[in-house]
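Engineer: Sequence and predicted structure are below.
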Amino acid sequence: MRSHNCERLCKCTVCGTSFNQSSHLKSHLKIHNGEYFGEYPYKCSSWGKSFDQLSNLTPHMIIHNGERPYNCTICEKSFNRFSILKTHMSIHNGERPYQCTICEKSFNRFSILKTHMSIHNGKCPYECTICGKSFNWSSNLKTHMRVHNGECPYECTICGKSFIYPSTRKIHMRIHNGERPYKCSICGKSCSQSSNLKTHKRIHDGECPYKCSICGKSFNWSSNLKTHMKTHNDERPYKCTVGGKSFSHSSSIKTHMAIQNVDRPYKCTICGKSFSHSSRIKTHIRMHNGEDSYKCTICGKSFNWSSNLKTHMRIHNGACPYDCTICGKYFIYPSTLKIHMRIHSGERPYKCSICGKACSQSSNLKTHMRTHGGECPYKCSICGKSCSQSSNLKTHMRIHDGECSYKCTVCGKSFHQSSHLKSHLKIHNGEYQYKCSSWEKSFNRSNKENVHTNAKIMENPSSNNVSS
């Protein structure tokens, strides 16, 4: 009963410590009288550690022989000491008797509560003597020291690579066994790490938490932001040894070098096309089998590149990260901003080799070339009329369906084309741009001037011959 009601009947006359059993007091007195000259009679043959009682040595020896006689009846986990089993059982029954008086958080062990208290008082008693970093657990300091002494005790049994932490080795082993336990619930993609899955999910929800403080562009990877920042400070640490060209990212120079060396070891077995990267041939294969791994959850459109899906999501969420510094207009794509800037700079890099006309876009030049070649690929399905541009066919179709989208606000007359409305408005404001050189008659459209001139020639053909 003494052990239950915690009665302390046996008291040490030297230090005042009380015990509930005389045998415990007897063992304790050996410390004061130096009966064994600093050593206890029961000694461990492996470590040399001494104990004052045989009952204490026996549980200790279990550590060396690997015996775990105390089994948990719930999860069948084994322990070498009954006290550890007792503590473990609190996990199953939810018992947390040790509560923090500050934040009221509870723990199943007093030692964990003691360590937890260091968070509130800011005390981290275990400090690294090399870098000064502090820890609230001695085990954390011990593991941290491996960073300084280069100790990597956890070795991969397949490739021999060593790691500081067992958790890192566990993740590394998934490279060899192909294990990907973390699966995306949206597209089904599997990842080897939970952190990779978390980052992957940003593609679907459009989350880009890493923002550039200079241009405002956002990224879903911190490493992408770091690489992007090099474009602002013009940092290009990776230099080509052949042509001397510099790059801001290591992957860019790797791709560049493959082009320089014409090194394309990855060949497609279907079409024979070669690639410098294994990832690129993997993406290329999807074109043959019609596989699109990255699907938009809003409109259902599929893409074979995750970056394409990410860019596509801007259409739905309205993100326009590329803005014009002159007029402030925003764009989804950097290429669209580049084309827009030509409006301000007047740059027209695409020139017609026949008439010399310059265009700001390659697509505009392609359309222009049809005027020389007489190509009209867009044909009306009703009357058979052909047009050189799809926009012209669209305008032509309004004749058939009776659509007159452009209405005069003065007289209410409607037109198929905006240019016709523009010409019509000149009647109301008295603007006549085209003038006859003979009669001083004015017209609001050039084709009306041509009709007038032809009529004049028909009326007086001799005057036309004299003038010519």
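Structural biologist: Thanks, I have it.
Engineer: Tell me where the stretch 51-200 of the chain has strands.
Structural biologist: Assigned by DSSP state E, counting those that start in this stretch, the strands in the stretch 51-200 of the chain fall at 70-71, 78-79, 98-99, 106-107, 126-127, 134-135, 154-155, 162-163, 182-183, 190-191.
Engineer: Out of these, which gets nearest to residue 371?
Structural biologist: strand 190-191 (53.7 Å; C-beta to C-beta). Using the backbone N, CA and C atoms, a C-beta is placed for each residue, glycine as well.
Engineer: so what does the closest one touch, helix or strand wise?
Structural biologist: Applying 3 or more C-beta pairs under 8 Å, 6 or more residues apart in numbering; DSSP states H and E, we find strand 190-191 packed against strand 182-183.
Engineer: Now distance to residue 381, mean neighbour count and mean pLDDT too, for the strands of the stretch 51-200 of the chain, in a markdown table please.
Structural biologist: Converted to a markdown table, the strands of the stretch 51-200 of the chain look like this (distance: least, C-beta to C-beta, whole Å; neighbours: other C-beta atoms under 10 Å; pLDDT from 0 to 100):
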| stretch | distance to residue 381 | mean neighbour count | mean pLDDT |
| --- | --- | --- | --- |
| strand 70-71 | 82 | 15 | 86 |
| strand 78-79 | 81 | 16 | 84 |
| strand 98-99 | 80 | 14 | 84 |
| strand 106-107 | 77 | 16 | 84 |
| strand 126-127 | 81 | 14 | 84 |
| strand 134-135 | 77 | 16 | 82 |
| strand 154-155 | 71 | 14 | 88 |
| strand 162-163 | 68 | 16 | 89 |
| strand 182-183 | 48 | 14 | 88 |
| strand 190-191 | 48 | 16 | 87 |
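Engineer: could you dump those strands to JSON lines with distance to residue 396?
Structural biologist: Formatted as JSON lines, these follow (distance: least, C-beta to C-beta, whole Å):
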{"stretch": "strand 70-71", "distance to residue 396": "86"}
{"stretch": "strand 78-79", "distance to residue 396": "85"}
{"stretch": "strand 98-99", "distance to residue 396": "81"}
{"stretch": "strand 106-107", "distance to residue 396": "78"}
{"stretch": "strand 126-127", "distance to residue 396": "82"}
{"stretch": "strand 134-135", "distance to residue 396": "77"}
{"stretch": "strand 154-155", "distance to residue 396": "73"}
{"stretch": "strand 162-163", "distance to residue 396": "70"}
{"stretch": "strand 182-183", "distance to residue 396": "52"}
{"stretch": "strand 190-191", "distance to residue 396": "52"}
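Engineer: show me the contacts for the residue nearest to residue 174 when sequence neighbours are not counted.
Structural biologist: Leaving aside its sequence neighbours, residue 174 sits nearest to residue 192 (C-beta to C-beta, 6 or more residues apart in numbering; 4.3 Å). Applying C-beta atoms under 8 Å, 6 or more residues apart in numbering to residue 192 gives the contacts 171, 174, 175, 179, 180, 181, 182.
Engineer: Tell me the one of those residues nearest residue 88?
Structural biologist: The closest of the contacts of residue 192, once distances to residue 88 are taken by C-beta to C-beta, is residue 181, at 25.6 Å.
Engineer: tell me the contacts of the closest one?
Structural biologist: With C-beta under 8 Å, 6+ apart, residue 181 has these contacts: 174, 190, 192.
Engineer: Just the CA trace of stretch 192-200, in CSV.
Structural biologist: Taking Å, rounded to 0.1, in the frame of the first residue of the first chain, the C-alpha atoms of stretch 192-200 are listed here in CSV:
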residue,chain,number,x,y,z
SER,A,192,8.0,10.7,-54.2
GLN,A,193,7.8,13.5,-51.6
SER,A,194,4.9,15.2,-50.0
SER,A,195,6.5,18.6,-50.6
ASN,A,196,6.7,17.9,-54.3
LEU,A,197,3.0,17.1,-54.3
LYS,A,198,2.2,20.3,-52.5
THR,A,199,4.2,22.3,-55.1
HIS,A,200,2.5,20.3,-58.0
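Engineer: buried stuff in that stretch?
Structural biologist: Across stretch 192-200, burial judged by 16 or more other C-beta atoms under 10 Å covers 192, 197, 199, 200.
Engineer: Double-check that residue 423 belongs to a helix.
Structural biologist: Yes. Using DSSP: H, G, I helix; E, B strand; the rest coil, the secondary structure at residue 423 is a helix.
Engineer: got TSV for the buried residues of stretch 192-200, with distance to residue 390 too?
Structural biologist: Formatted as TSV, those follow (distance: C-beta to C-beta, whole Å):
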residue	distance to residue 390
192	47
197	43
199	41
200	38
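Engineer: where does the residue nearest to residue 174 fall, phi/psi-wise?
Structural biologist: Main-chain dihedrals, residue 192, degrees, to the nearest 10: phi -80, psi -20.
Engineer: Quick one: low-confidence residue ranges for the chain.
Structural biologist: Filtered on pLDDT under 70, the chain yields the residue ranges 1-9, 20, 31-39, 234, 251, 255, 258-263, 290-293, 431-468.
Engineer: Domain map for it?
Structural biologist: The chain is divided into the following domains under automatic domain parsing: 350-401, 406-460.
Engineer: how about CSV for those, with mean neighbour count and distance to residue 71 added?
Structural biologist: As requested, those are exported to CSV (neighbours: other C-beta atoms under 10 Å; distance: least, C-beta to C-beta, whole Å):
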stretch, mean neighbour count, distance to residue 71
domain 350-401, 14, 75
domain 406-460, 13, 86
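Engineer: Nearest to residue 308, out of those?
Structural biologist: domain 350-401 (19.9 Å).
Engineer: The closest one: how far from the chain's middle?
Structural biologist: In this view, domain 350-401 has its centroid 41 Å away from the chain centroid, taken as C-alpha atoms, centre = their mean, to the nearest Å.
Engineer: What residues of stretch 135-145 count as buried?
Structural biologist: For stretch 135-145, using 16+ other C-beta under 10 Å, the buried residues are 135, 136, 141, 143, 144.
Engineer: now do stretch 88-95
Structural biologist: residue 88.
Engineer: ditto for stretch 152-172
Structural biologist: Neighbour-count burial for stretch 152-172, with 16+ other C-beta under 10 Å as criterion, is recorded at 154, 163, 164, 169, 171, 172.
Engineer: in which helix or strand would I find the spatially closest residue to residue 388 that is not a sequence neighbour?
Structural biologist: Closest residue in space to residue 388, ignoring its immediate chain neighbours: residue 370 at 4.1 Å, by C-beta to C-beta, 6+ apart. Element membership for residue 370, per DSSP states H and E: helix 362-373.
Engineer: follow-up on the earlier one: now for the contacts of residue 192, which pair is the farthest apart?
Structural biologist: 175 and 182 (14.7 Å).
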